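Asker: Curious how this folds, go ahead:
(4 chains)
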Protein chains: 2
Amino acid sequence: MPERPACILLKGPLMARKPSAETATAWTQLLRVQQQVFGRVEQDVKKAGFPPLSWHDVLVELAHAPHGAVRPVELEKRLAMPQYGLSRLIDRLVEAGLAERRQCPVDRRGLYVAITDAGRELQKKMALAYAGAVERHVGSKLSDIEAVRLSHLLGRLN
Amino acid sequence: MPERPACILLKGPLMARKPSAETATAWTQLLRVQQQVFGRVEQDVKKAGFPPLSWHDVLVELAHAPHGAVRPVELEKRLAMPQYGLSRLIDRLVEAGLAERRQCPVDRRGLYVAITDAGRELQKKMALAYAGAVERHVGSKLSDIEAVRLSHLLGRLN
DNA sequence: CACATCATCATGCAACTGCATCAATCTTGA
DNA sequence: TCAAGATTGATGCAGTTGCATGATGATGTG
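Answerer: Modelled structure (predicted):
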């Protein structure tokens, strides 16, 4: 079977096939619900006196890593975060005394970001507030079966 | 801003029940997948030379409203956008000649935001690029049945 | 080796966001 | 009617993000 012939219709912006109504609804729901639920969870955590959730994401990665240290490059991949965003997030963590930068012995371009004791402590406290908020805004609204189905459907988008 | 109901169980950080593993997975998937998919769609639209998707959201609301004009208060509700965010988004739309502010005859605090011809034109073109990107990044990855199930599960979180 | 290319991380700048607050107007209730 | 309070919208400020680019060190190739 020959390749689909190069189609002039696909060249310009007009080539786009339209999504079905079902797809459109799923798209808008995805945006809206994620925004709402994320907002509620982060608000709860902030109102408990904690920094943004992204701080926690990094601290968890560090806390669970051997020696409490990870290369930024590795964090970028694990957290799907842009390089400049991570660089500045590390700035803030360092500024707050929660992490420190160390020279990487094997690659002198590179770094290790290491969690401090204060970082570990904050991470543990924050995890409680975070978990509570997720339970309140997600766990209590879905059965485990539904949660699995949701994860699975979301996974198909990746 | 509505007060959160006082709940003694929510007072300390320690009271928080932890979410199940299923819930936790659903939460992380929700964040990750939404971020990824939204990023891809918005990138596609931007690379086609269009402004952010939020512009489109407002333009669509305006375009479909009677007389092409809506009160900001109404937009806030429909788009679930914070008041100051919308106020500034309107600034940008006006600045770009896509909308204009008009005095509201029935409430002198209020406004009407009205779409311009240029706004209608952009909205139409943008809708094509937007629809194409959604079809590419969402529609093509889910059957309609799955999309309905996804919408339904997401709806339970709201 | 010498050079071009790539990988890693930082940063200047403009745009955007969140928060608090202000100004103007409307609504309510004694 | 009038004062207290609520609603509507804008804005100053600090913090954050996106984009492009720079600086430095690694890697690969002739």
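
Asker: How about the contacts made by residue A:118?
Answerer: Contacts of residue A:118 were listed using Cβ atoms under 8 Å, 6 or more residues apart in numbering or on different chains, and they are A:97-98. The way it works is simple: take the backbone N, C-alpha and C, and place the C-beta from them, glycine included.

Asker: For it, pull up the helix or strand it's in.
Answerer: helix A:117-137 (DSSP states H and E).

Asker: And DNA strand C, is that helix touching that?
Answerer: No - residues of helix A:117-137 contacting DNA strand C under Cβ under 7 Å from any atom of the strand: none, with a closest distance of 14.3 Å.

Asker: Show me what the mean pLDDT comes to for that helix.
Answerer: Mean per-residue pLDDT for helix A:117-137: 96.

Asker: Output the below-cut-off pLDDT ranges for chain A.
Answerer: A:1-16 (pLDDT under 70).

Asker: rerun at 90
Answerer: Counting by pLDDT under 90, chain A shows low-confidence ranges at A:1-17, A:104-106, A:158.

Asker: Would you mind listing what in it touches DNA strand C?
Answerer: Contact residues (Cβ under 7 Å from any atom of the strand) of chain A with DNA strand C: A:43, A:46, A:71-73, A:76, A:83-84, A:87-88, A:90-91, A:101, A:104, A:107, A:109-111.

Asker: counting residues per helix, which one in chain A is longest?
Answerer: helix A:21-47 (DSSP state H).

Asker: In that helix, which residues are buried?
Answerer: Residues of helix A:21-47 classed as buried by neighbour count (16 or more other Cβ atoms under 10 Å in any protein chain shown): A:22-27, A:29-34, A:37-38, A:40-42, A:44-45.

Asker: how far away is residue A:55 from DNA strand C?
Answerer: According to Cβ to the nearest atom of the strand, to the nearest Å, residue A:55 stands 14 Å off from DNA strand C.

Asker: what does residue A:60 give?
Answerer: As judged by Cβ to the nearest atom of the strand, residue A:60 and DNA strand C stand 18 Å apart.

Asker: now swap in residue A:100 and tell me
Answerer: Where DNA strand C is concerned, residue A:100 sits at a distance of 11 Å (Cβ to the nearest atom of the strand).

Asker: what kind of secondary structure is that residue in?
Answerer: Three-state call for residue A:100 (DSSP: H, G, I helix; E, B strand; the rest coil): strand.

Asker: next one: the one 5 residues further on
Answerer: When classified by three-state DSSP, residue A:105 comes out as coil.

Asker: for the helix or strand where residue A:60 lies, packing partners?
Answerer: In the assignment (DSSP H and E), residue A:60 maps to helix A:53-64. Contacts defined by 3 or more Cβ pairs under 8 Å, 6 or more residues apart in numbering or on different chains; DSSP states H and E place helix A:53-64 against helix A:21-47, strand A:69-70, helix A:72-79, helix A:83-95, strand A:99-103, strand A:111-115, helix A:117-137.
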